[in-house]
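A.B. asks: Okay, predicted coordinates and the sequence, questions at the end:
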Amino acid sequence: MRVKICGFTRPQDVRDALDAGTDALGLNLARGPRRIGLDQAVALSALIPPLVQSVLLFVDADEESILAAAAATRCGAVQLHGDESPELASRLRRRLPVIKAFRIGSAADLDRVRGYPADAYLLDAAVAGAHGGTGTAWDHGLLAGRDLGAPVILAGGLRPGNVAAAIAAVRPWAVDTASGVESAPAIKDAELMRSFVRAARQA
């Protein structure tokens, strides 16, 4: 099971995540308490070694800004959390992998996922006024029997104590967490990260 942890703001948290065996680390260039600037993203991404992927998060950024940030950080993929058009995603995919985040609150929300041009779909909880990272869970049972046409990254309220059950219920390609491994907003907890990775791998 692949594990992605999002919202890094401090070098030590990046090192602790790597020690825990995290497969991908998300750096938020969009908004919210875990938002960082490009200079900070460049510095943090420099700590991420080969074979571990860095992922840049954006909300409705323009193509030029996304590609410039991707080049500066040498990221492995970009994650789109806004209302980005399929045309933009298709153009970006010529340059690097694209993860598209969708906010799921009902079965109808899943209907608009399939067919969007992305290399993976990150499914998070639908929370009014938020684009992710809220720590809110959603009904994973909505995924039962659905083939969305691309790998699914399961997110939304995942913590060390519930990630194994979520994996057993959904069988996603990967899992993602941010607040579920924090001691405070934007402050990662080394032991929680180790526990999360261990629980996901043992599921």
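C.D. replies: That came through fine.
A.B. asks: Following element in sequence after the helix or strand bottoming out on mean pLDDT in the chain, please.
C.D. replies: Sorting the helices and strands of the chain by mean pLDDT, DSSP states H and E puts helix 107-111 at the bottom, at a mean of 89. With elements assigned by DSSP states H and E, the helix or strand that comes after helix 107-111 is strand 120-125.
A.B. asks: Okay, buried residues for that following strand please.
C.D. replies: Neighbour-count burial for strand 120-125 flags 120-125 (criterion: 16 or more other C-beta atoms under 10 Å). Yep, even glycine has a C-beta here, placed from its N, CA and C like the rest.
A.B. asks: re the thing from before, buried sites along the least confident helix or strand of the chain?
C.D. replies: So for helix 107-111, counting by 16+ other C-beta under 10 Å, buried means L110.
A.B. asks: ok, and what's touching that helix?
C.D. replies: Helix 107-111 is contacted from outside by 102-104, 123, 126, 142-143, 146, 148, using C-beta atoms under 8 Å, 6 or more residues apart in numbering.
A.B. asks: Take it, keep the C-alpha atoms, and write them as PDB.
C.D. replies: C-alpha atoms of helix 107-111 as PDB (Å, rounded to 0.1, in the frame of the first residue of the first chain):
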ATOM      1  CA  ALA A 107     -22.800   9.200  -5.200                       C
ATOM      2  CA  ALA A 108     -23.500  12.000  -7.600                       C
ATOM      3  CA  ASP A 109     -20.100  13.500  -6.900                       C
ATOM      4  CA  LEU A 110     -18.500  10.200  -8.000                       C
ATOM      5  CA  ASP A 111     -20.300  10.400 -11.300                       C
END
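A.B. asks: Centre of the chain to stretch 170-177, how far?
C.D. replies: Relative to the centre of its chain, stretch 170-177 is centred 10 Å away, using C-alpha atoms, centre = their mean, to the nearest Å.
A.B. asks: Just the buried positions in it, please.
C.D. replies: By 16+ other C-beta under 10 Å, the buried positions in stretch 170-177 come out as 170, 172, 174-177.
A.B. asks: could these go into a markdown table alongside secondary structure and distance to R198?
C.D. replies: Formatted as a markdown table, these follow (DSSP: H, G, I helix; E, B strand; the rest coil; distance: C-beta to C-beta, whole Å):
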| residue | secondary structure | distance to R198 |
| --- | --- | --- |
| V170 | helix | 19 |
| P172 | coil | 17 |
| A174 | strand | 16 |
| V175 | strand | 12 |
| D176 | strand | 16 |
| T177 | strand | 13 |
